[in-house]
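In: pasted the sequence and its predicted model underneath.
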Amino acid sequence: MASIPAPGHGRDSGLAWAEGSLWVGQYRDRKIHQIDPETGAILRTIESNRFVTGVTWVDGELWHGTWEGDESDIRRIDPESGAVLERLEMPRGTAVSGLESDGADLFYCGGGPSGKVRAVRRPTNTERETMTDHKTGTREQWLAARLELLKAEKELTRRSDELARRRQELPWVRIDKKYRFETDEGHASLADLFRGRSQLLIYHFMFGPDYTAGCTTCSTIADGFNGFAVHLANHDVTLSAVSRAPLAKLQAYKRRMGWTFPWASSFGGDFNADFNVSFTEQQQREGGIEYNYRREPAWEVRADEGFATRMTGNPVADNAAVTGTDTATYTRERPGMSAFVLEDGVVYHTYSTYARGLDGLWGMYQWLDRAPKGRNETRRACGGAATTSTASKARVRADGYRGRAQHARASEPGVACHRARDRFFFSFNPVALAAIPVSLAYVTKTQAPQRTIVLGSMFVLA
């Protein structure tokens, strides 16, 4: 009756009619095309990571088959974005060559060289709610995989021991510059920060002079300092934070957070700049920032957001807002850690690390890396060390949180807000909010008061 050009020019694989358009697979090019049934014009193209062996549409859902080597599956994908929403794994060596739905609960799949057509049941909505997307297995399979992982873990431990030895073998650099700090005890030199011990570890805490609160990521890291500072002291090591904000700001924030570890202000001095954790606006504009042992390109100026962050989403802008600054001001401070030793009255610099080099200092990260879903991160923030999903903004406790948290408590069904020392925790009624897989969460300030943002999950319901 009529014909239209096929998008794959003979390399097509599968055809499905869906709500006024056609979906056509393109086998070896690993593509699915939505085409105009009148003209054959390609309206949308979705990429796959395997050969596309069939396409079908059922109940408003787009599915396609894949087959490559011994791997094969049937996938439900978002027709707008192409994101894989659901995957039905086929047994290894079971090919899918052709796919069609019966319009109800069954898929019919060609079996490649087996000469068979297989019926595969499509999951119901109830089954989807109780299914896990993660690989499952027997206890024996788990043990075999765990023993393989144990070999890698032991090797990593040995390599970590070797790296620690190499850190300690770095040459020491004598510090002759007379740095001045303000502390709770008054004026101090770099040597004074050792507090009578021979070793000093400084955390370069992002709290610039224009900040109204500390960086959320640095606050998350510093939340663990109180617990182990006393143990470091017993090993002849003093732990201290240093920031450029005036001492009064640091003291006020320290009281709000309930911290007791030493925190010195380098306001008006060169200490932060000399250790590459603080920069000027001119350096930012002209590409003069050297951070984490490499030079960054200049940040472009835009009318809408000031400096472009070169990152997806707005994790840096989110953190900047919590500190009461804009993105450009916020990122002129950077996180880091530096080590010093004091011998015969002389201070030496021995080591510094930045960005993801700080991962090992997050006590929380060591636990999260062993949790079923890991760090549960979606977006990285300044320096690569921070993320909006794990940096617990609620711990910053800005004054603006109170009204928003109370609003969320009154407006969200099944949500209870509990206030403890100015931090807000939200617990969810598991009956009213059965679809939410989070039983304890932090809440943070947002532009829209009616929104509640979950920043970290404590327990996961299967």
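Out: Yes, it's here.
In: wait, a helix at Ile46?
Out: No. The assignment for Ile46, made by DSSP: H, G, I helix; E, B strand; the rest coil, is strand rather than a helix.
In: which residues does it bridge with?
Out: Ile46 forms beta bridges with Ile32, as assigned by DSSP bridges.
In: which residues does it contact?
Out: Each residue near Ile46 by C-beta atoms under 8 Å, 6 or more residues apart in numbering is listed here: Lys31, Ile32, His33, Gln34, Ile77, Pro79, Gly82. Glycine gets a C-beta too; all of them are placed from N, C-alpha and C.
In: at 7 Å instead, please
Out: Lys31, Ile32, Ile77, Gly82 (C-beta atoms under 7 Å, 6 or more residues apart in numbering).
In: for it, give its distance to Ala119.
Out: Taking C-beta to C-beta, to the nearest Å as the measure, Ile46 falls 26 Å from Ala119.
In: same question for Ala144.
Out: Using C-beta to C-beta, Ala144 is found at 32 Å from Ala119.
In: ok, Gly69 next?
Out: For Gly69, the distance to Ala119 equals 24 Å [C-beta to C-beta].
In: what's the answer for Gly196, then?
Out: Computed with C-beta to C-beta, the distance linking Gly196 and Ala119 is 77 Å.
In: and if you look at Phe225?
Out: With C-beta to C-beta as the criterion, Phe225 and Ala119 are 60 Å apart.
In: tell me which of the two has more neighbours.
Out: For Phe225 versus Ala119, the count of surrounding residues by other C-beta atoms under 10 Å is larger for Phe225: 21 against 10.
In: Phe267 touches Pro209, doesn't it?
Out: Yes. Using C-beta atoms under 7 Å, Phe267 makes contact with Pro209 at a distance of 6.4 Å.
In: okay, and the common contacts of the two?
Out: Going by C-beta under 7 Å, 6+ apart, residues that sit against Phe267 and also against Pro209 are Arg244, Ala245, Pro246.
In: returning to that earlier point: columns neighbour count, distance to Leu22 and pLDDT on top of the contacts of Ile46, output as a markdown table?
Out: What follows is the contacts of Ile46, written out as a markdown table (neighbours: other C-beta atoms under 10 Å; distance: C-beta to C-beta, whole Å; pLDDT from 0 to 100):
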| residue | neighbour count | distance to Leu22 | pLDDT |
| --- | --- | --- | --- |
| Lys31 | 21 | 14 | 87 |
| Ile32 | 25 | 11 | 89 |
| Ile77 | 20 | 16 | 88 |
| Gly82 | 15 | 17 | 85 |
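In: helices of the stretch 251-400 of the chain, start to end?
Out: Under the criterion DSSP state H, counting those that start in this stretch, the stretch 251-400 of the chain contains helices at 271-274, 281-286, 315-322, 327-330, 363-368.
In: so which of those helices gets nearest Arg255?
Out: With C-beta to C-beta, the closest approach to Arg255 among the helices of the stretch 251-400 of the chain belongs to helix 315-322: 18.2 Å.
In: domains in this protein, by residue range?
Out: Segmentation of the chain into domains, based on automatic domain parsing, reads 12-130, 173-365, 399-462.
In: quick revisit: who's more crowded, Phe267 and Pro209?
Out: Using other C-beta under 10 Å as the criterion, Phe267 and Pro209 rank with Phe267 on top: 20 against 15.
In: relative to Val347, how far out is the more buried one?
Out: Applying C-beta to C-beta, the value for Phe267 to Val347 is 20 Å.
In: now His33
Out: 67 Å.
In: comparing the two, which residue is more hemmed in?
Out: Shown here are His33 and Val347; by other C-beta under 10 Å, His33 has more neighbours (24 against 21).
In: show me what contacts that one?
Out: Contacts of His33 (C-beta under 7 Å, 6+ apart): Pro7, Val24, Gln26, Ile42, Thr45.
In: if you set the cut-off to 6 Å instead, what comes out?
Out: By C-beta atoms under 6 Å, 6 or more residues apart in numbering, the residues touching His33 are Pro7, Val24, Ile42, Thr45.
In: among those, which ones are buried?
Out: If you count burial by 16 or more other C-beta atoms under 10 Å, the buried members of those come out as Pro7, Val24.
In: return the member of the contacts of His33 nearest to Gln283.
Out: Gln283 has its nearest neighbour among the contacts of His33 in Thr45, at 43.0 Å by C-beta to C-beta.
In: and the closest one, what pLDDT?
Out: Thr45 is assigned 90 on the pLDDT scale.
In: buried sites along stretch 3-21?
Out: With burial defined by 16+ other C-beta under 10 Å, the residues of stretch 3-21 counted as buried are Pro7, Gly8, Asp12, Ser13, Gly14, Ala16, Ala18, Ser21.
In: now swap in stretch 22-31 and tell me
Out: Residues Leu22, Trp23, Val24, Gly25, Gln26, Tyr27, Asp29, Arg30, Lys31 are the ones in stretch 22-31 that count as buried (16+ other C-beta under 10 Å).
In: quick check: the two most widely separated of those?
Out: Distance extremes for the buried residues of stretch 22-31: the farthest pair is Leu22 and Arg30 at 18.6 Å, using C-beta to C-beta.
In: tell me who's in contact with Cys215.
Out: Met206.
In: from Tyr203, how far off is it?
Out: 11 Å.
In: and Arg332, by the same measure?
Out: 18 Å.
In: now do Tyr330
Out: Going from Tyr330 to Tyr203 by C-beta to C-beta gives 18 Å.
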